[in-house]
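Student: Predicted model, plus sequence, below.
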Amino acid sequence: MFRQAGHDALTVYDQGLRGHGDDDVAEICRREGRALVTLDLDFADVRTYPPGDYPGLIVLRVANQSRSSVLRVLGRILPPLDSEPVSGHLWIVDDFQVRIRGTDAGTTP
């Protein structure tokens, strides 16, 4: 979906990171300048993963984690990716809204 929209996207499978720990995945994303899109709620902890240290953290908090539900939610965030800040920010995306938290710990709509 991200690739089709023109984004340079890779999966943990593409990168050979399947089974690696959160810190390893986060560090590779940081090194490569890639935003991390994940269902792993650990990445929403700003004490462990300060948004300002990363090229973007997008955490999906969806009730139904089926493929179709996740793809629907991802489709909703594609338009804001072109107009809202990602680098240095934490996006919390649920079934109804996107909350963006920046390095200043403020929240924007």
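Tutor: In hand now; what should we look at? Just so we're clear, the structure is a prediction, and the values are computed from it rather than from any experiment. Numbering: from 1, shown residues only.
Student: tell me what the top helix by length along the chain is packed against?
Tutor: As assigned by DSSP state H, the longest helix anywhere in the chain is helix 67-81. For helix 67-81, the packing partners by 3 or more C-beta pairs under 8 Å, 6 or more residues apart in numbering; DSSP states H and E come out as strand 57-61, strand 90-94, strand 98-101. Placement of C-beta: from N, CA and C, glycine included.
Student: strand partners of the shortest one, parallel vs antiparallel please.
Tutor: In this case it means strand 98-101. When pairing is defined by DSSP bridges, strand 98-101 lines up against strand 90-94 (antiparallel), strand 107-108 (antiparallel).
Student: Now do that strand: distance to the chain's middle.
Tutor: On the basis of C-alpha atoms, centre = their mean, to the nearest Å, strand 98-101 sits 11 Å off its chain's mean C-alpha point.
Student: Give the buried residues for that strand.
Tutor: Neighbour-count burial for strand 98-101 flags 98, 100-101 (criterion: 16 or more other C-beta atoms under 10 Å).
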